[in-house]
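Q: Here's a sequence, model it:
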Amino acid sequence: KHFLNSDKYCYYITGLVEVKKGDNAGKVDERRLSGYHSTFDEVVGSYIEKHLKSLECETIEELSKEIDKLKKAVKKWKCVVEKEQ
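A: Numbers count the residues shown, from 1 in each chain. A predicted model of the protein is given here:
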């Protein structure tokens, strides 16, 4: 799950990530997955860029497949608006 967070100054994306090491290994934690940006387009671009930089592909073909998977994943994101009470 990914969450778009915002205030009157910026947007950023967080997501639920499984902790791999340490005392909390196996637990799920919410972590920031993008930079802080002033527009929606910029924050989504930041998320994509950060994800691509973390890839460890050895060939252009592997990179192309990863990019296609990332495009499909981002296109599947659905918007659920929750109002604060």
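
Q: For the rest of this, base every contact and every neighbour count on C-alpha atoms.
A: OK.

Q: Flag every buried residue along the one helix or strand Asp68 maps to.
A: Asp68 is located in helix 60-75, with elements delineated by DSSP states H and E. When neighbours are counted by 16 or more other Cα atoms under 10 Å, the buried residues of helix 60-75 are found to be Glu66, Ile67.

Q: now stretch 9-18
A: Taking 16+ other Cα under 10 Å as the basis for neighbour counts, the residues of stretch 9-18 that come out buried are Tyr11, Tyr12, Ile13, Thr14, Gly15, Val17.

Q: if I pick the fifth one, what's in contact with it?
A: Read it as Gly15. The contact partners of Gly15, by Cα atoms under 8 Å, 6 or more residues apart in numbering, come to Lys1, His2, Phe3, Glu30, Arg31, Arg32, Leu33.

Q: from the residues you listed, which ones fall inside helices?
A: Counted as lying in helices by DSSP state H, out of the contacts of Gly15, is not a single one.

Q: Adding distance to Asp68, write these out as a markdown table.
A: Written out in a markdown table, the entries for those read as follows (distance: Cα to Cα, whole Å):
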| residue | distance to Asp68 |
| --- | --- |
| Lys1 | 19 |
| His2 | 18 |
| Phe3 | 21 |
| Glu30 | 25 |
| Arg31 | 24 |
| Arg32 | 23 |
| Leu33 | 19 |
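
Q: Pipe the residues you listed into CSV and attach distance to Glu42 and pLDDT per row.
A: Formatted as CSV, the contacts of Gly15 follow (distance: Cα to Cα, whole Å; pLDDT from 0 to 100):
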residue, distance to Glu42, pLDDT
Lys1, 20, 80
His2, 16, 85
Phe3, 15, 87
Glu30, 21, 90
Arg31, 18, 90
Arg32, 15, 90
Leu33, 13, 87
